[in-house]
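Undergrad: Sharing a model prediction with you, sequence too.
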Amino acid sequence: MAEEGSTADGRPWADLPRELADHMRPHLDEVADDMMQEIQTRVREYDRPGDGSYSGTLRLAVERVLHYFVDRVADPGHEPGSVTDFFRAIGRGEAGEGRSLDAMQTAMRVGGMVAWRRLTEGAETLEVSPRMLGAVGEALMQFQDELAAAAAEGFAQAKAAVAGEMQRRRKRLLDLMFADPAATSEAIADLAAAAHWPVPRTVAAVALGSHDARKTAFPPDILADLTRRTPSLIIPDPDGPGRAKLVDRALAGTLAVVGPTVPVTEAARSIQWARKTLGLVSRGVIEADAGVIRSVEHMSTLILFQDEELITSLAELRLAPLAHLRPSQQDRLAETLLAWLQSGRNANEVAMRLHVHPQTVRYRLRQLEELFGDQLLDPDLRFDLEIVLRARALLADKPGEHIIPQAREAVGESGEVVSFRRG
């Protein structure tokens, strides 16, 4: 029998004598029997004596592999499409059943070992030299690699399809939970089951600011949709043991605001507060600390800015006595008045808060008494003043943001010019 060496490009098929296929064909049924027995003995997952259909599928796979191998020996240009498609389908099937490729890959190694054993046993009869036997072994290993690659490709395709569908279901679930009016618990439970998301007792919604979606990964129990106008998450049982630290780790390096913890059917309320908080963070009203921002820690600020048109109107009414002053005077007196209200109307404590001399504070307080008069004696009016002054302080130094009336004057009934002032 003629001998040929391996080609330079490493393809062994062209190096094999075509007549070798004729010697192999009569023995294919015997080799298939040996492979079946060895695979079922050594790979537990393939030993299903009571399942005739499964054994039939295994036999079909073994026979296809053997016949294709021989056909390719006979014709190196033989198209591999049918057998690789078959193994691609096997890979998809394994993924669909929730199994890994470990058992199949083990079965392929066992089958290859049986084939190699039968080849070496017949090598002397066929007068195959060691060099030619090496070429056959190389072809056999390459063939195994091709089939394993096809199965892995099908497996990956199926996994990607399942993951994509699961992600779409989870996005629909997140949309449903953020819907207004709120979805029923039954509707949420049905879609959650389809999305393989265990329904928790409580949730917290998260609004994300700037982030790199390519580097953002979250634990599997967190619902995420980073494609929304405001990228959003839903965290299950956020107040459970260790959950706060887990959330902080998951959101590290991302501008994230966690809304209040609510029942599952009220997730829309949680995301509403998270978005509102994120908006105030973006404006600089709420400082963005190094860690995750939680809405519940800024509730008073959120209340102040829940209706900014209303708070502005209240400021125009209550701070009107300051409207005719220069901005620098407005700032000093507004700061002093807020400190005075917050410190129980104690001038010495105001001086300590503002780091100014007590005499300076007393001078400013006299100015305030002249401007506001009896308003400073009315508890309800003092409460209003503290509200609008707190809002004003939060907007201090923000370009374009102010909550104090500009210098304005009005014409009285007699025609004289009067300022906004009471008392």
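TA: All right, it came through fine.

Undergrad: Alpha carbons of the longest strand seen in the chain, as PDB, please.
TA: If you go by DSSP state E, the chain has its longest strand at strand 202-208. Taking C-alpha atoms only, strand 202-208 is exported to PDB below (Å, rounded to 0.1, in the frame of the first residue of the first chain):
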ATOM      1  CA  THR A 202     -40.800  43.900  48.900                       C
ATOM      2  CA  VAL A 203     -38.800  45.700  46.200                       C
ATOM      3  CA  ALA A 204     -36.900  48.900  45.700                       C
ATOM      4  CA  ALA A 205     -36.500  50.600  42.400                       C
ATOM      5  CA  VAL A 206     -33.200  52.200  41.300                       C
ATOM      6  CA  ALA A 207     -32.700  55.000  38.800                       C
ATOM      7  CA  LEU A 208     -29.200  55.100  37.300                       C
END
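
Undergrad: Please pull up the helix or strand immediately following it.
TA: strand 223-225 (DSSP states H and E).

Undergrad: quick one on the thing from earlier: list the contacts of the longest strand of the chain.
TA: Here strand 202-208 makes contact (C-beta atoms under 8 Å, 6 or more residues apart in numbering) with 177-178, 226, 230-239, 251, 254-264, 267, 270-271, 274-275, 277-278. In short, each C-beta sits where N, CA and C put it, glycine included.

Undergrad: Which of those residues fall in strands?
TA: With strands defined by DSSP E, the entries of the contacts of strand 202-208 inside them are 232, 233, 234, 235, 236, 256, 257, 258, 262, 263.

Undergrad: Verify the stated contact: the fourth one with residue 251.
TA: What it means is residue 235. No - at 9.4 Å, residue 235 does not count as touching residue 251 under the criterion of C-beta atoms under 8 Å.

Undergrad: more neighbours, these two?
TA: The neighbour comparison of residue 235 against residue 251 (other C-beta atoms under 10 Å) goes to residue 235, with 29 against 23.

Undergrad: Give me the local confidence score for the closest residue to the more buried one other than its chain neighbours.
TA: Closest residue to residue 235 apart from its sequence neighbours, by C-beta to C-beta, 6 or more residues apart in numbering: residue 204 at 4.9 Å. pLDDT recorded at residue 204 is 96.

Undergrad: what does residue 15 give?
TA: Reading off the model, residue 15 has pLDDT 73.

Undergrad: what do you get for residue 199?
TA: 95.

Undergrad: who's in contact with it?
TA: Taking C-beta under 8 Å, 6+ apart, one finds 188, 189, 192, 264 in contact with residue 199.

Undergrad: Tell me the one of those residues nearest residue 140?
TA: residue 192 (49.3 Å; C-beta to C-beta).
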